[in-house]
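Peer 1: need a structure here:
(chains A, B and C)
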Amino acid sequence: MPELPEVETVRRDLASLAVGRVIEQVEATAPRCIRRHPSAEDFCGRLAGGRIGEVDRRGKYLLVRLDGGVVLVVHLGMSGQLLWVPAEAVADEPRRKHTHVVLTLDAGEVRYVDPRTFGELFVTTDDVPELAHLGPDAIAVGPADLKTVLRARRTQLKPLLMDQRFLAGIGNLYADEILWLAKLRYDRPADSLTAAEVRRLHAAMVETLNAAIERRGSSLADEQYRDLFGAVGDYQADHNAYDREGKPCPRCGRPIVRLKWSGRSTFLCPRCQR
DNA sequence: ACAAATACCTGTAAGC
DNA sequence: TGCTTACAGGTATTTG
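Peer 2: A predicted model of the protein is given here:
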């Protein structure tokens, strides 16, 4: 599930490959994946001929900035992948099922593949008004800002961490990992945290996200998340709580518990997390 | 006005 | 074996 660390991994690799390249051709075959555009012609026409300036990220959104103030925004949703195919390999690698968008650069193809089509791509202006609702990036937020966020109206800690309006970049997986490291329960009222607990949460957030980026993200059993080169991430091996139901808590040895909560799975150590 | 629930999707796996 | 059902969950929208 692409969250901040996975998107950041793709961002770095895409930047190293694509900056300075020209988009020679664009194909878009799934209307749902470009649903903000009236037509494929509109989407493709705005990109064709553009030269890639830089590749940024805001939360889980990838921002491919083209010369002239045009921005291609990519959100991978649940099952989206961006895959790089070098020009010399294009003929040998047929496009996989669910390949919905292809950008042809002078050095190769960037293919957008997404079975569940929760992800999307759209072209906008460089101020990206569509993302104005996003809160500060989870990896860049300071302790003081986090304190402000926690005083928000929402009550419970986990949905607040996952609310992109308050903090951008955290999803279900990293919320569980961060809360485990911070020794905090998912259902703690956000405004009940002591100053020390807020500091712990902040440290856990920065540490977890940076460690996951270092390991190129998490891929679960379904291996839905792949990087730009089709490789899985390594961070799942370092998970302490997520997807570890029944396995011992690395801190206290008691089994990790899985809860069905708010329609989603939550993994925690009921002994360590208070 | 806010928060909880639901719709959108398909591949995989568990269960009968 | 083959079918049905449950599940994964980010975001937008609907409902309460």
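Peer 1: so residue A:160 sits in a helix?
Peer 2: Yes: assessed with DSSP: H, G, I helix; E, B strand; the rest coil, residue A:160 lies in a helix.
Peer 1: That one contacts residue A:150, correct?
Peer 2: Yes: with contact defined as CB atoms under 8 Å, residue A:160 counts as touching residue A:150 (7.2 Å). Just so you know, the C-beta spots here come from the backbone N, C-alpha and C atoms, and that holds for glycine as well.
Peer 1: Need the overlap of contacts for these two.
Peer 2: residue A:190 (CB atoms under 8 Å, 6 or more residues apart in numbering).
Peer 1: Where does the stretch 101-250 of chain A get nearest to DNA strand C, residue-wise?
Peer 2: residue A:171 (3.0 Å; CB to the nearest atom of the strand).
Peer 1: does the lowest-mean-pLDDT helix or strand in chain A come close to DNA strand B?
Peer 2: Sorting the helices and strands of chain A by mean pLDDT, DSSP states H and E puts strand A:257-261 at the bottom, at a mean of 86. No: Strand A:257-261 stays clear of DNA strand B (CB under 7 Å from any atom of the strand), getting no nearer than 8.7 Å.
Peer 1: Show me what that strand is packed against.
Peer 2: Secondary-structure packing of strand A:257-261 (3 or more CB pairs under 8 Å, 6 or more residues apart in numbering; DSSP states H and E): strand A:264-268.
Peer 1: Contacts for the strand it packs on next, please.
Peer 2: A:158, A:172, A:176, A:179-180, A:185-186, A:241-245, A:256-260.
Peer 1: now stretch A:3-11
Peer 2: Counting by CB under 8 Å, 6+ apart, A:2, A:55-57, A:59-62, A:76, A:82, A:137-139, A:168-171, A:173-174, A:209, A:212-213, A:216-218, A:225, A:227-228, A:233, A:235 sit against stretch A:3-11.
Peer 1: so where's chain A shaky on pLDDT?
Peer 2: Along chain A, segments meeting pLDDT under 70 span A:154, A:223.
Peer 1: Which residues of it lie near DNA strand B?
Peer 2: Close to DNA strand B, as judged by CB under 7 Å from any atom of the strand, chain A has residues A:32, A:78, A:97-98, A:115-118, A:153-156, A:159, A:221-222, A:262-263.
Peer 1: How is the closest residue to DNA strand B within the stretch 151-274 of chain A assigned, secondary-structure-wise?
Peer 2: Closest residue of the stretch 151-274 of chain A to DNA strand B, CB to the nearest atom of the strand: residue A:153 (3.8 Å). Following three-state DSSP, the label given to residue A:153 is coil.
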